[in-house]
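>>> What would the 3D arrangement of this be:
(one chain, ligands or ions: 1)
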Amino acid sequence: MPDSFTKVAARIDGATVEIVVADITTLAVDAIVNAANRALQGGGGVDGAIHRAAGPELLAACRDLGGCETGSAKMTPGFNLPAKHVIHAVGPEWSGGGEDEDVLLASCYRAAMALGRDEALSSLAFPAISTGVYGFPADRAARIAVGTIAAELSADPGTLERVVFCCFSRDSAVHHETALQESGVV
Ligand code: ADP
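The predicted structure follows:
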């Protein structure tokens, strides 16, 4: 991972929004969000990394959840992770933009935020959901992610004080930074 990206931070209605380049499994926040699939049985990409770092108890906990619909999210403990919880959010697979992908992506960010508020969490970290194996265009996904989180925080931050966009590449971080600028927040 390049270290040339300087962390970007902005304030939205009392909460801090950060863009960092990092491995999400290293973040000691109340919950990290997993870009999961509907089966919640683990997978590649960030899902695989989270399961490896959390240990086998995470898979056992996921089995009890009975899957998760696209656009929704469910929560487990973080087990061996530095994060206390994992919110498993299921983003859409990109299939050209005509299958409600934008709506479903926004929906899974909202669902994760709602869980965070319901569980009275103060800090959440998101990966760039759907932009890996699921093929969602990274700039478009970043605009949806940033716009949805900004709207959620403006409407009702609840207990949330800190939301981190945890990007895995400098390019991804730049997409999020551009989206923050376009949204007028910074
Ligand atoms: P999806 O199936 O939702 O596309 P992926 O895991 O393939 O999920 O990719 C989602 C995003 O997570 C991609 O931008 C990928 O680069 C990023 N990613 C992969 N591993 C990590 C990690 N350890 N920490 C943070 N982000 C990661």
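
>>> where in this protein is pLDDT low?
Low-confidence segments of the chain (pLDDT under 70): 1-4.

>>> residue nearest the centroid of it?
What sits nearest the mean C-alpha location of the chain, by C-alpha atoms, centre = their mean, is Phe126, with 2.4 Å.

>>> how near is that residue to Ala9?
15 Å (C-beta to C-beta, to the nearest Å). From N, CA and C alone the C-beta is placed, and that goes for glycine too.

>>> go on, Ala49?
With distances taken as C-beta to C-beta, Ala49 is found 24 Å from Ala9.

>>> the more surrounded of these two?
Remark: of Ala49 and Ala9, Ala49 carries more neighbours, 17 against 14, as counted by other C-beta atoms under 10 Å.

>>> which residue sits closest to that one in space, ignoring its chain neighbours?
Once flanking residues are discounted, Ala49 sits nearest to Thr25: 5.3 Å by C-beta to C-beta, 6 or more residues apart in numbering.

>>> Could you give the number of residues near that neighbour?
Counted with other C-beta under 10 Å, Thr25 comes out at 21.

>>> May I have the residues that are in contact with it?
32, 49-50, 52-54, 81-82 (C-beta atoms under 8 Å, 6 or more residues apart in numbering).

>>> which residues in this structure form helices?
For the chain, helices defined by DSSP state H occupy the ranges 45-54, 56-63, 101-118, 138-155, 170-182.

>>> Can you tell me which of these is nearest to the ligand?
Comparing these by their distance to the ligand (C-beta to the nearest ligand atom), the top pick is helix 45-54, with 2.1 Å.

>>> List the contacts of that closest one.
Residues contacting helix 45-54 (C-beta under 8 Å, 6+ apart): 23-25, 32, 34-37, 42, 58-59, 78-81, 86, 127, 132-133, 168.

>>> Show me what from this protein comes close to the ligand.
23-25, 35, 45-47, 49, 91, 127-134, 166, 168, 172 (C-beta under 6 Å from any ligand atom).

>>> of the residues you listed, buried ones?
Among the residues of the chain next to the ligand, those buried by neighbour count (16 or more other C-beta atoms under 10 Å) are 24-25, 35, 45-47, 49, 91, 127-132, 134, 166, 168, 172.
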